[in-house]
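Peer 1: Take this sequence and fold it.
(one chain, ligands or ions: 1)
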Amino acid sequence: MITNSPIQIENEPQSNEIRKSVAQFIPKGHKTYTPTQLVIERASGVYLWNPEGRRFIDFASGVLVANLGHDHPYFEERLRHYAEGIPRTAYNTLTGVEIRAAQRLIENLSADKMQQVLWADSGSAGIIKAIWAAQHYQPDKHIILATQYGFHGKKGQAGDITGEKSSNPNVRWLSFPLVMDNRHYDNPEWSAEVLMPKIAAELDTLKREYPNQICMLVTEPYLGAKGSFHPPKWYLRQLNDWCNENDVVFILDEVQSCHGRTGNMYAFQTYGLDPDLVVLGKGLGNGEPVATIVGRAEILESLDYGEASDTYSGNPRACAAILAVLDTFEKFPIVENCRQMQEMIEAGLYQLIEDFEFATYARGEGLVWGLEVDSYSEKTADEIANECVLQCYLQGLHLMGPLAGNVLRVSPPLVISETEVKAGLELMYQAFEQIANTD
Ligand SMILES: Cc1ncc(COP(=O)(O)O)c(C=O)c1O
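Peer 2: Numbers count the residues shown, from 1 in each chain. Model prediction:
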């Protein structure tokens with residue numbers, strides 16, 4: 001239940017004071033509800049410490065932002081290196097760090113269509129700018145296609161294409177396959193033979209209804225906020241091909257999936273795609289607030305001077321962070337580690353499903369997983385999910401608040417070691433035992 005009264009947790013006097021002050025001075029609209037409100041005093045690697053000195057393993061990475069973990073010594077050293085002596089702002093001026101960040105990103109994305117970089121200061125602002133660019137590129141086409149149940153942010157047009165309904169009269173929706181569990185991909189209902197013709201029919205209907213009016217299609221590699229739904233591999237390629245064949249700008253929202261999350265540096269590699277524009281955020285700066293749109297120059301160039309500028313986008317420190325992140329990925333086998341740890345996480349979640357009645361489905365890839373829980377012992381699924389987050393906290397494991405009410409997000413920093421994954425899964429197991437034993 002969301003209330004105005006601050007959450008208080010036993011034996012946490014300093015944390016509780018902070019929780020009270022936050023409730024007094026910061027409107028709750030700024031926060032996403034969690035039943036724990038962990039107060040972090042210090043963070044290092046995959047560990048977080050509260051003011052009472054209790055240690056938590058971070059299974060959230062913020063909202064999948066701190067892919068390199070916290071206070072990564074090499075990242076911090078590179079950040080200092082690139083940030084030394086640079087201006088605090090470079091609005092209407094040029095800096096070397098900006099161009100180096102753009103060049104390095106393009107090199108790193110390493111795909112023919114990745115030609116220019118347009119900065120943004122948040123993921124949703126990146127989505128909005130990508131939409132503007134597509135609209136300027138094809139001004140005679142007004143229809144925006146979006147896949148259902150996506151999350152692209154809350155602001156403006158990013159909010160218009162989030163979810164399944166829109167107040168924007170130009171938005172039309174396409175089905176997104178909601179595969180309930182990783183073990184269901186082989187079920188006939190999700191096979192390309194069965195589902196592809198249905199998606200093709202949806203696309204054909206839209207094309208007939210709006211001849212030469214469809215400007216762009218925006219989608220994301222997997223549905224995060226909806227509860228971690230990861231489509232069958234063929235699905236996004238089908239959308240991508242259709243866009244290529246019909247001169248529709250294909251925009252891939254990689255705000256969350258970029259920088260290693262899915263077991264490749266970018267999810268478009270995981271899914272074998274060639275988007276016209278990709279929007280990157282979160283892990284791009286490992287915590288420095290930065291996002292970007294990378295893609296075809298002819299599309300991005302259709303915006304004229306000032307049409308996509310704002311105060312903070314392309315800020316020199318943000319560009320320094322982009323370079324420091326890329327340096328860190330180049331020096332350490334972080335993406336490989338993500339792939340290796342995936343198996344342990346997957347096995348650990350299926351163990352929970354096997355041993356606890358209220359754990360039902362697991363969905364994910366790389367180090368981005370969702371564990372769905374169900375009602376249990378007179379408690380609703382949402383109540384059980386919140387209890388899991390709280391019990392994990394009490395055991396020393398930090399999870400973000402549940403997705404879509406009843407899905408626990410498991411998304412540790414990509415640098416997490418085998419020992420740390422094992423320890424985190426054990427804490428989760430103990431938390432689940434507590435729930436099973438008390439209810
Ligand atoms: C896939 C995706 N797109 C866009 C956004 C919006 O990003 P921001 O919160 O930085 O505006 C998010 C944020 O969670 C996201 O997960």
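Peer 1: Give me the below-cutoff pLDDT ranges for this protein.
Peer 2: Scanning the chain for pLDDT under 70 picks out the ranges 1-4, 439.
Peer 1: Pick out the residue in it sitting closest to the ligand.
Peer 2: The nearest approach of the chain to the ligand comes at residue 123, 2.3 Å away (CB to the nearest ligand atom). Yep, even glycine has a C-beta here, placed from its N, CA and C like the rest.
Peer 1: Spell out which parts of the chain neighbour the ligand.
Peer 2: Contacts of the chain with the ligand, taken as CB under 6 Å from any ligand atom, map to 63, 122-124, 127, 151-153, 220, 224, 253, 255-256, 281.
Peer 1: Just the ones of the residues you listed in strands?
Peer 2: Secondary structure from DSSP state E places residue 253 of the residues of the chain next to the ligand in strands.
Peer 1: Among the residues of the chain next to the ligand, which lie within helices?
Peer 2: Applying DSSP state H to the residues of the chain next to the ligand, the entries found in helices are 63, 123, 124, 127.
Peer 1: quick one: which of these is most hemmed in?
Peer 2: residue 127 (32 neighbours; other CB atoms under 10 Å).
Peer 1: if I pick the closest residue to that residue other than its chain neighbours, what's in contact with it?
Peer 2: Nearest residue to residue 127, sequence neighbours excluded (CB to CB, 6 or more residues apart in numbering): residue 158, at 4.1 Å. Counting by CB atoms under 8 Å, 6 or more residues apart in numbering, residue 158 makes contact with 123, 124, 125, 127, 128, 131, 152.
Peer 1: run the last query once more with 7 Å
Peer 2: 124, 127, 128, 152 (CB atoms under 7 Å, 6 or more residues apart in numbering).
Peer 1: Residue 40 too?
Peer 2: 48, 50 are the contacts of residue 40 under CB under 7 Å, 6+ apart.
Peer 1: From residue 164, how far off is it?
Peer 2: Residue 40 sits at a distance of 34 Å from residue 164 (criterion: CB to CB, to the nearest Å).
Peer 1: Residue 324 too?
Peer 2: Residue 324 sits 38 Å away from residue 164, taking CB to CB as the criterion.
Peer 1: cool, residue 64 as well?
Peer 2: Counting by CB to CB - residue 64 and residue 164 are separated by 23 Å.
Peer 1: what about the two, which has more around it?
Peer 2: With neighbours defined as other CB under 10 Å, residue 64 and residue 164 compare such that residue 64 has more, 25 against 12.
Peer 1: That one is in contact with residue 261, isn't it?
Peer 2: Yes: assessed by CB atoms under 7 Å, residue 64 is found in contact with residue 261 at 6.2 Å.
Peer 1: so what's in contact with these two at the same time?
Peer 2: Shared contacts of residue 64 and residue 261, counting by CB under 7 Å, 6+ apart, come down to 283, 368.
Peer 1: need the strands for the stretch 101-250 of the chain, in chain order.
Peer 2: Applying DSSP state E, counting those that start in this stretch to the stretch 101-250 of the chain gives strands spanning 116-120, 143-147, 171-174, 214-219, 249-254.
Peer 1: Done for today, thanks.
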